[in-house]
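Undergrad: Structure, please.
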Amino acid sequence: MKKLLLPLLATTALAAPAAAFANHGHHGHGPGLFGFHRHALLAKVSGTGTSFAGTTATASGSIARSDKLGTGTFTASITNDATKATTHTGSRGTLKCMAATAAVKLTGTNTADTTSATLTGRTCTWTPTSGSAVSAFFGRGAVTGTGALASLSGNEHAFFVQKSDGTVSGVVFAGSRGLFFGQFEAKQRVAEHQAGDCGNR
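TA: Modelled structure (predicted):
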């Protein structure tokens, strides 16, 4: 009897961690790995906007993917401070960056589930010697959640990239840093490269 029980116990012990990792991957449902995703969200957004290169700009559209909000909507209102602009010109093109703030709101499939934040950061416009200009806003600030996200705390980090045709794409991270924040940082580095490697300025 003992010989039969030992393999069974070993199989059960191996299955438990696997289930915990699998549970973490199901878009924020259940306890997840170490409970990180209970206190954070990651949302990919896309839409259109007015020119980010001006003193004010707006962007709006849909949440393409989110672990908690589903396929909801987003809005962003950006204010750029042209008096604090810096310009760098090189052989590859010209990069102009301005201090900026943005009011960002995400609304979930269930409209009672929202996040709101006023982010402080910068807007950069990269005009290459060949090709089309790209503008991007990068910022962070305290976040407030409602509905299912009422317990959300910490900061919101976001970036929005605008192509020359006015289309906007971006990623928003909100809440306590955990596994999702590493994903956000990786995506932001790609966005910074698109905007003339503005993260190195």
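
Undergrad: what's in contact with the lengthiest strand in the chain?
TA: Among the elements of type strand in the chain, defined by DSSP state E, the one spanning the most residues is strand 73-89. Residues from elsewhere that reach strand 73-89, judged by Cβ atoms under 8 Å, 6 or more residues apart in numbering: 43, 45, 47, 49, 52, 54-63, 94-107, 123, 137, 158, 160, 172, 201. No exception for glycine: its C-beta is placed from N, CA and C like everyone else's.

Undergrad: My guess is Ala136 contacts Phe159. True?
TA: Yes: with contacts counted by Cβ atoms under 8 Å, Ala136 reaches Phe159, the gap being 6.1 Å.

Undergrad: Pull up the overlap in contacts between those two.
TA: For the pair Ala136 and Phe159, residues contacting each of them under the criterion Cβ under 8 Å, 6+ apart are 191-192.

Undergrad: Tell me, please, where in this protein the pLDDT is lower than the cut-off.
TA: Screening the chain residue by residue with the criterion pLDDT under 70, one finds the ranges 1-38, 200-201.

Undergrad: Am I right that Phe181 sits in a helix?
TA: Yes: the assignment for Phe181 by DSSP: H, G, I helix; E, B strand; the rest coil puts it in a helix.

Undergrad: Numbering from 139 from now on, please.
TA: Sounds good: first residue 139 from here, last item Phe319.

Undergrad: I'd like to know how many residues surround it.
TA: Counted with other Cβ atoms under 10 Å, the neighbours of Phe319 add up to 18.

Undergrad: for the closest residue to it other than its chain neighbours, what are its contacts?
TA: Sequence neighbours aside, Phe311 is the residue nearest to Phe319 in space, at 5.8 Å (criterion: Cβ to Cβ, 6 or more residues apart in numbering). With Cβ under 8 Å, 6+ apart as the criterion, the residues that contact Phe311 are 178-180, 294-296, 318-319, 321-322.
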